[in-house]
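K.L.:
dropping a prediction and its sequence here:
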Amino acid sequence: MSKRLIAYVHGTLNPAARFRIEQYVPALAQAGWKVSLRPQRPERPWDIDWGHPLLNVPARRLGTLVRRANRRRDIDDSTGFDCVFQNRDLLEGRFEHEERLLRRNPRVIFDFDDAIYLGSKAEHVGRVCTRAAWVVAGNEDLASFARRHTSRVTDIPTVVDHTPYPPPP
């Protein structure tokens with residue numbers, strides 16, 4: 001019987017999504033894991049252009065509301081999974097989304113590969129690190145921040161599979 005992993009990422013074109021989880025999906029499948037990749041939808045509502053400035057503001061607000069509803073549904077779906085992979089914060093830098101996720105499924109692996117804890121997100125990221133079952137950091141500086149909040153930290157640098165990019169002769 002295969003194990004089930006749900007993975008929350010910001011978008012399908014996001015480098016962190018591609019290099020921190022997506023490139024590992026085939027290996028996870030080979031190891032018996034079924035992965036459900038959940039990007040935010042719509043990915044970037046602020047990129048919506050309806051052709052007129054007066055229409056863009058309501059379109060962006062609508063995009064944000066749709067993203068929130070979709071992400072809440074994704075979080076509710078996490079209950080039946082063996083493991084949750086969360087790349088960065090879930091949505092809008094508001095801890096209420098992580099709080100909801102942790103109530104649904106405490107088996108959260110929190111992954112980050114950028115200094116997202118700098119500035120106004122320090123408390124938010126620290127709280128996620130404290131509550132996560134495990135934290136995966138993209139380098140030692142990030143892992144050092146996470147270790148201020150938990151001992152359950154592993155430093156796994158971001159790597160790129162070079163096989164699709166053969167060097168020229």
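P.N.:
Cool, the structure landed.
K.L.:
all strands for this protein, in order.
P.N.:
Listed in chain order, the strands of the chain (DSSP state E) span 3-9, 33-39, 83-87, 108-112, 134-137, 153-155.
K.L.:
could you export these as TSV, including mean neighbour count?
P.N.:
(Each C-beta comes from the backbone N, C-alpha and C, glycine too.) TSV is the format used below for those (neighbours: other C-beta atoms under 10 Å):
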stretch	mean neighbour count
strand 3-9	21
strand 33-39	17
strand 83-87	23
strand 108-112	23
strand 134-137	22
strand 153-155	16
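K.L.:
turn the ones you listed into JSON lines, columns for distance to R94 and mean pLDDT.
P.N.:
Below are the strands of the chain laid out as JSON lines (distance: least, C-beta to C-beta, whole Å; pLDDT from 0 to 100):
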{"stretch": "strand 3-9", "distance to R94": "14", "mean pLDDT": "95"}
{"stretch": "strand 33-39", "distance to R94": "18", "mean pLDDT": "95"}
{"stretch": "strand 83-87", "distance to R94": "14", "mean pLDDT": "96"}
{"stretch": "strand 108-112", "distance to R94": "15", "mean pLDDT": "96"}
{"stretch": "strand 134-137", "distance to R94": "19", "mean pLDDT": "98"}
{"stretch": "strand 153-155", "distance to R94": "24", "mean pLDDT": "98"}
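K.L.:
run through this structure and note the low-pLDDT ranges.
P.N.:
Per-residue confidence of the chain (counting by pLDDT under 70) places the weak regions at 44-48.
K.L.:
show me which helix runs longest in it.
P.N.:
Of all the segments assigned as helix in the chain under DSSP state H, the longest by residue count is helix 53-77.
K.L.:
which elements pack onto that one?
P.N.:
Applying 3 or more C-beta pairs under 8 Å, 6 or more residues apart in numbering; DSSP states H and E, one finds that helix 53-77 contacts strand 3-9, strand 33-39, helix 95-104.
K.L.:
just so I know, which of those lies nearest N70?
P.N.:
Counting by C-beta to C-beta, N70 lies closest to strand 33-39 out of the helices and strands packed on helix 53-77; the figure is 8.7 Å.
K.L.:
can you state the direction angle for the longest helix of the chain and strand 33-39?
P.N.:
Using axes from the mean of the first three to the mean of the last three C-alpha atoms, to 10 degrees, one finds that helix 53-77 and strand 33-39 are set 160 degrees apart in direction.
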